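Student: quick check, what structure comes out for this input:
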Amino acid sequence: MKIEGEWHNKKQLFERVKTSLKKILIKIERTDFAEVFVMLIIFLLVVIVAHFFIHRTFEEMVNSLVDWTMFSSALIASIITVFARAIKDWFYNRIEDDVKLELNVSELQRIYKDEAFEDATALNNEHIKNGMIEGEGNAVIPIVCCAKFDSKTIIQIQDNENSYYELPSFVEQNFSTLISAHQSSNIYNNLNVRVKDWRFEDNQFLMETERTFYLNSMATNRAMDYELDGGLTVRRVLGQGSKLVPLGNSRLSNHLGFNGMVESKDGMCPLVFRKKNVSIGKRTYGNSIGASLKTKYALTDGVFSFFGLINAVKNEIVDELGIQKDLIGEIHFLNAYREVIEGGKPQLFFVTGIEKTALEIEQDFMKYQMKKNGNDEEKMERDGDTLVWIKTEDIRNRMLFFADHVTSNVSVFDGKKFNEARHDLQMLPSASGCMLFFQRYLARKND
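Tutor: Below is the predicted model of the structure:
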């Protein structure tokens, strides 16, 4: 779909073509096609130069320069190598999350047998009975709720900007190997806020924070089950036990992240279909927002505060969904929880409203996705380029919640209108667990 006036300006068209050619060349340079491409370019240059200066025909030059048997063998071998690598990369991209993280809920229940996971069994049975609907799956969701907030809860942050997380020696020794687990993901290093500990204290929820780097989390939380020599994993060395290691004692990077649900003014919520190159949850559905806290939005003069937390959340909504900041309502934090798959990584869950209808948000989002400018980091801020929509009424009364998916009536925009049908949406436990938190919030509001 083109934006009105996009290609009318000739100078703009030239700049777009030039930029596209640069991107194509960069992509070629980064792949195994580079050697084949360079070899062909050099060969053609030699033939062209010889043709003009030696005055021999193109066919004569080619026949004199090339042993066709050797050339065709080398070319075929190179092409086979390229396609073999492409197939391997394609396959690894589809299994990467399973390779680096334990996604089997039964196994996580076995490991953390004394941990209190979220359980949607009773709620699902109620929805099945009342709504005459069907669904199946494991309703035990491997996240651990640490705190529930209401409108009176004060979140207090004690931040130490000069304190930095240090990698355990085991991780440091295997850092390159652990990072290689993310070979089909787009990851980049950045400064993050680490949660050292959190707890209720004097009727306030206190978060003690310091600094870490994103790659530290990629080598710890997000590669918990990547097997090293001897069958060792980060979970077995740093996270074993019948319960999660208490946050204050955890030796993982534990950068702060948040998930959130955005509600339109006509009572619908978007879910984002995540891209194939995100570091976790490839090709699954996420909440309206799911992200790490960006320090470029959260720090003021290097210090993290509650104001910075709110600012980071609102800017993430802008970056992900293309919604104007002044249309975003008040941010309500509902839960603090730990993501078991990632070794107990700390997360916050929030809800907010938007002063636009679902149709208006969808149309703005589609226009926003057409903006191809921006550096790699800016593009990676967008976890997905497709939205589906669910009515809050359906989430409250008819959605079914499982560890790896939710079942619900889902609306998809076809360019003209929303079409609704019942679907199973694959999700990570963090996302489906937050849908369960959201349902409870909606139920309380309705009481």
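
Student: center of this structure - which residue?
Tutor: Val278 (4.4 Å; Cα atoms, centre = their mean).

Student: now do the contacts for that one.
Tutor: Neighbour list for Val278: Ser185, Asn186, Asp383 [criterion: Cβ atoms under 8 Å, 6 or more residues apart in numbering]. In this view, the C-beta of every residue, glycine as well, is placed from N, C-alpha and C.

Student: wait, a strand at it?
Tutor: No - assessed by DSSP: H, G, I helix; E, B strand; the rest coil, Val278 does not belong to a strand; its assignment is coil.

Student: ok so, going back, now the contacts of Val278 in a markdown table, with secondary structure and pLDDT?
Tutor: Converted to a markdown table, the contacts of Val278 look like this (DSSP: H, G, I helix; E, B strand; the rest coil; pLDDT from 0 to 100):
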| residue | secondary structure | pLDDT |
| --- | --- | --- |
| Ser185 | coil | 86 |
| Asn186 | coil | 87 |
| Asp383 | coil | 78 |
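
Student: of those residues, grab the buried ones for ChimeraX.
Tutor: Only the buried entries of the contacts of Val278 go into this ChimeraX selection, using 16 or more other Cβ atoms under 10 Å:
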select :185,383
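
Student: show me where the stretch 51-200 of the chain dips below the pLDDT cut-off.
Tutor: 51-76, 78-80, 82, 84 (pLDDT under 70).

Student: helices of the stretch 301-447 of the chain, start to end?
Tutor: Using DSSP state H, counting those that start in this stretch, the helices found in the stretch 301-447 of the chain span residues 306-321, 358-369, 376-380, 392-397, 429-446.

Student: run the chain-centre distance for the first one.
Tutor: Once both centres are worked out by Cα atoms, centre = their mean, to the nearest Å, helix 306-321 turns out to sit 16 Å from its chain's centre.

Student: by contact count, what packs against it?
Tutor: Helices and strands touching helix 306-321, by 3 or more Cβ pairs under 8 Å, 6 or more residues apart in numbering; DSSP states H and E, are strand 154-164, strand 257-263, strand 289-292, helix 295-298, strand 299-300, strand 345-353, helix 358-369.

Student: kindly recompute the last result at 6 Å.
Tutor: Counting contacts by 3 or more Cβ pairs under 6 Å, 6 or more residues apart in numbering; DSSP states H and E, helix 306-321 packs against strand 289-292, helix 295-298.

Student: which residues outside it are in contact with it?
Tutor: Under the contact criterion Cβ atoms under 6 Å, 6 or more residues apart in numbering, helix 306-321 has outside partners 155, 157, 289, 291, 293-294, 297-300, 323, 325, 328, 331, 365, 381.

Student: buried set for that helix?
Tutor: Buried positions in helix 306-321, judged by neighbour count with 16+ other Cβ under 10 Å: 308-321.

Student: report the angle between that helix and strand 154-164.
Tutor: 90 degrees (axes from the mean of the first three to the mean of the last three Cα atoms, to 10 degrees).

Student: okay, angle between helix 306-321 and strand 345-353 too, please.
Tutor: Using the same axes, to 10 degrees: helix 306-321 against strand 345-353 is 70 degrees.

Student: got it, and the last one?
Tutor: For helix 429-446 against strand 345-353, the angle between stretch directions is 40 degrees (the same axes, to 10 degrees).

Student: buried residues in helix 429-446?
Tutor: Buried-residue list, helix 429-446, by 16+ other Cβ under 10 Å: 429-439, 441-442.

Student: can you spell out which helices and strands pack onto it?
Tutor: strand 140-141, strand 332-339, helix 392-397.

Student: Glu115 is nearest to which of those?
Tutor: With Cβ to Cβ as the criterion, Glu115 lies closest to strand 332-339 of those, at 9.4 Å.

Student: within the sheet, what are the partner strands of the closest one, with directions?
Tutor: Strand pairing for strand 332-339, using DSSP bridges, gives strand 143-148 (antiparallel), strand 345-353 (antiparallel).

Student: out of those, nearest to Glu161?
Tutor: Nearest of the strands paired with strand 332-339 to Glu161, taken as Cβ to Cβ: strand 345-353 at 18.3 Å.

Student: okay, the angle between the closest one and strand 257-263?
Tutor: Using the same axes, to 10 degrees: strand 345-353 against strand 257-263 is 20 degrees.

Student: centre of the chain to strand 345-353, how far?
Tutor: Distance, stretch centre to chain centre, for strand 345-353: 15 Å (Cα atoms, centre = their mean).

Student: when you give positions from now on, start the count at 33
Tutor: In the new numbering, first residue 33, that becomes strand 377-385.

Student: show me what it is in contact with.
Tutor: So strand 377-385 is contacted by 227, 253, 286, 288-295, 361, 363-371, 466, 469 (Cβ under 6 Å, 6+ apart).

Student: coming back round to it: reformat the contacts of Val310 as CSV; add distance to Arg428.
Tutor: Shown next, in CSV, are the contacts of Val310 (distance: Cβ to Cβ, whole Å):
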residue, distance to Arg428
Ser217, 35
Asn218, 36
Asp415, 25
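
Student: and of the contacts of Val310, the nearest to Leu264?
Tutor: Leu264 lies nearest to Ser217 out of the contacts of Val310, by Cβ to Cβ, at 22.1 Å.

Student: verify the contact between that closest one and Ile312 for me.
Tutor: No - counting by Cβ atoms under 6 Å, Ser217 stays clear of Ile312, with 8.0 Å between them.

Student: run a quick neighbour tally on Gly167.
Tutor: As a burial measure, Gly167 scores 19 neighbours (other Cβ atoms under 10 Å).

Student: against which helices or strands is the strand or helix carrying Ser249 packed?
Tutor: In this assignment (DSSP states H and E), Ser249 forms part of helix 246-251. Under the contact definition 3+ Cβ pairs under 6 Å, 6+ apart, helix 246-251 sits against helix 207-212.

Student: ok, Leu133 - contacts?
Tutor: So Leu133 contacts Met256, Asp257, Ile373 (Cβ under 6 Å, 6+ apart).

Student: which of those residues scores worst on pLDDT?
Tutor: Checking pLDDT across the contacts of Leu133, the minimum falls on Asp257 at 93.
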